[in-house]
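Student: heads up, no residue letters with this:
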């Protein structure tokens with residue numbers, strides 16, 4: 001037992017559920033046809049894709065034609081933001097993009113490109129100390145020339161939930177397309193696109209125990225969206241390319257399981273999350289919780305520690321047998337605090353020492369206790385190493 005490696009990075013990726021793998025396997029060998037082919041092999045593949053589309057639509061409370069299959073959550077974000085902005089400019093002459101400063105890079109970098117290359121005006125919403133967007137701040141920044149608004153549903157780095165339905169209602173009343181990145185939410189929360197008042201919603205399968213390399217974009221019928229990947233007529237002409245049939249089938253199976261089991265999963269994860277937060281704040285000096293204390297993902301605990309190098313802490317944890325993350329899993333090799341932590345106005349000495357701990361549906365309390373018993377000593381060691389490095393730098397300067 002002591003040699004077992006403990007995985008506490010479910011916000012980065014989740015293992016494929018065995019039931020999902022079982023649903024996928026026939027489409028690698030027996031039913032391998034191209035869904036665009038007319039013959040029976042293609043017909044079987046097409047039927048599987050359309051069945052998966054109906055499953056995803058039923059779970060999201062939308063129409064099957066409003067489901068676009070993509071290669072991942074990042075592609076869904078790209079298609080939503082770029083496709084909606086360019087379509088809005090073509091049809092309405094708009095040029096203003098409004099996003100939060102705590103978006104995943106798939107949104108923020110796309111918005112930056114739209115500004116730098118395509119001439120859009122990019123504006124960032126303010127966030128509070130928990131990284132949360134206020135609907136009132138959205139309301140005062142909406143303009144007739146606003147092309148699209150994007151606010152993340154649940155932050156990947158600090159776990160904070162945003163009031164998406166309220167923001168969506170404001171945008172809907174003004175006729176402005178509204179997108180939310182719900183990639184982190186898919187495994188833990190019910191997602192009803194009608195209740196959320198969104199026009200676009202992004203998901204990635206590997207966050208909810210499905211395969212990597214497949215995602216979904218919900219695109220509300222009637223809201224203009226310019227395709228950004230052209231070629232074939234797949235996905236009703238909105239996203240060209242041969243559909244990845246086994247992965248699409250696996251994603252639909254995984255999401256159906258989420259809908260059936262999310263209440264039990266969330267209850268299990270929330271108990272472990274609260275245990276982690278309570279003990280870390282009690283046992284470790286100079287530790288702060290990041291993100292909202294209650295309006296956060298049920299599996300997500302995130303912290304900053306004064307005087308700690310976050311990357312060094314991750315290496316110490318890895319050697320000790322624990323897989324965690326420092327902020328966003330998509331941010332590597334960057335010695336500066338992330339944009340999310342910078343938006344929270346944390347002092348640099350604190351923001352450099354971030355740690356994200358995310359449990360899963362199969363994480364057990366014993367593993368969490370092992371982690372919590374080991375963490376104070378590893379933090380102390382990380383602080384000592386950081387101090388020694390700093391002292392050495394000062395003495396050599």
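Tutor: That came through, no problem. All values derive from a computational prediction rather than experimental measurement.

Student: If you count neighbours, what's buried in whichever strand or helix holds residue 370?
Tutor: Using DSSP states H and E, residue 370 maps to helix 365-396. Within helix 365-396, the residues that count as buried by 16 or more other C-beta atoms under 10 Å are 367-368, 370-372, 374-375, 378-379, 382-383, 385-386. For the C-beta atoms, the positions are set from N, CA and C on the backbone; glycine is no exception.

Student: tell me the mean pLDDT for that helix?
Tutor: Average pLDDT, helix 365-396: 87.

Student: Next up, the contacts around residue 145.
Tutor: Contacts for residue 145 (C-beta atoms under 8 Å, 6 or more residues apart in numbering) come out as 93, 94, 95, 96.

Student: Tabulate those residues (TSV), appending pLDDT, distance to residue 315 and secondary structure.
Tutor: Converted to TSV, the contacts of residue 145 look like this (pLDDT from 0 to 100; distance: C-beta to C-beta, whole Å; DSSP: H, G, I helix; E, B strand; the rest coil):
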residue	pLDDT	distance to residue 315	secondary structure
93	97	52	coil
94	97	47	coil
95	97	45	coil
96	98	43	strand
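
Student: Return the distance of stretch 235-247 from the chain's centre.
Tutor: Distance of stretch 235-247 from its chain centroid, counting by C-alpha atoms, centre = their mean, to the nearest Å, is 22 Å.

Student: Start and end of that stretch, how far apart?
Tutor: For stretch 235-247, the first-to-last residue distance is 15 Å (C-alpha to C-alpha, to the nearest Å).

Student: contacts for it?
Tutor: Residues contacting stretch 235-247 (C-beta under 8 Å, 6+ apart): 24-25, 27-28, 31-32, 34-36, 45, 48-49, 65, 68-71, 79, 83, 205, 210-211, 213-214, 217, 219, 225, 227, 229-234.

Student: Out of those, name the ones that lie in strands.
Tutor: Judged by DSSP state E, these include 68, 69, 70, 217, 219 as members of strands.

Student: Now do the closest residue to the second one other than its chain neighbours against residue 66, distance only.
Tutor: I take that to be residue 69. Excluding the flanking residues, the one nearest residue 69 by C-beta to C-beta, 6 or more residues apart in numbering is residue 248, at 5.4 Å. Distance of residue 248 to residue 66, computed by C-beta to C-beta, to the nearest Å: 16 Å.

Student: Which of the two has more residues huddled nearby?
Tutor: The neighbour comparison of residue 248 against residue 66 (other C-beta atoms under 10 Å) goes to residue 248, with 29 against 22.

Student: Helix, strand, or coil at residue 122?
Tutor: Under the three-state scheme (DSSP: H, G, I helix; E, B strand; the rest coil), residue 122 adopts strand.

Student: and it, what is it in contact with?
Tutor: 97, 99, 111, 112, 114, 115.

Student: which stretch of helix or strand covers the third one?
Tutor: It stands for residue 111. Assigned by DSSP H and E, residue 111 belongs to helix 105-116.

Student: now that helix: how far from the chain's centre is it?
Tutor: Taking C-alpha atoms, centre = their mean, one finds helix 105-116 lying 16 Å from the centre of the chain it belongs to.

Student: How about residues contacting that helix?
Tutor: Against helix 105-116 from outside (C-beta under 8 Å, 6+ apart): 73-75, 77-78, 81-82, 85, 97, 99, 101, 103, 120-122, 150, 152, 179, 181, 202, 328, 330-331, 339.

Student: Just the buried residues of these.
Tutor: Using 16+ other C-beta under 10 Å as the burial test, these include 73-75, 77-78, 81-82, 85, 97, 99, 101, 103, 120, 122, 150, 152, 179, 181, 202, 328, 331, 339 as buried.

Student: Next step: those restricted to helices.
Tutor: 73, 74, 75, 77, 78, 81, 82, 85, 339 (DSSP state H).

Student: can you tell me how far the fourth one sits from residue 127?
Tutor: Relative to residue 127, residue 77 is positioned 19 Å away (C-beta to C-beta).

Student: again with the third one
Tutor: Remark: distance between residue 75 and residue 127 (C-beta to C-beta) = 26 Å.

Student: any chance you could map the helices in the stretch 151-300 of the chain?
Tutor: Remark: helices assigned in the stretch 151-300 of the chain by DSSP state H, counting those that start in this stretch are 164-174, 193-196, 245-283.

Student: how far off helix 365-396 does the last one point, in degrees?
Tutor: Just to be clear, that refers to helix 245-283. 70 degrees (axes from the mean of the first three to the mean of the last three C-alpha atoms, to 10 degrees).

Student: relative to strand 215-219, how tilted is helix 245-283?
Tutor: Per the same axes, to 10 degrees, the angle that helix 245-283 makes with strand 215-219 is 90 degrees.

Student: Just send the ones in strands among the contacts of stretch 235-247 back as a markdown table, with neighbour count too.
Tutor: Below are the ones in strands among the contacts of stretch 235-247 laid out as a markdown table (neighbours: other C-beta atoms under 10 Å):
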| residue | neighbour count |
| --- | --- |
| 68 | 26 |
| 69 | 26 |
| 70 | 26 |
| 217 | 26 |
| 219 | 30 |
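
Student: Distance to residue 350 and mean pLDDT added to the helices of the stretch 151-300 of the chain, as a markdown table?
Tutor: Shown next, in a markdown table, are the helices of the stretch 151-300 of the chain (distance: least, C-beta to C-beta, whole Å; pLDDT from 0 to 100):
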| stretch | distance to residue 350 | mean pLDDT |
| --- | --- | --- |
| helix 164-174 | 29 | 98 |
| helix 193-196 | 33 | 98 |
| helix 245-283 | 14 | 97 |
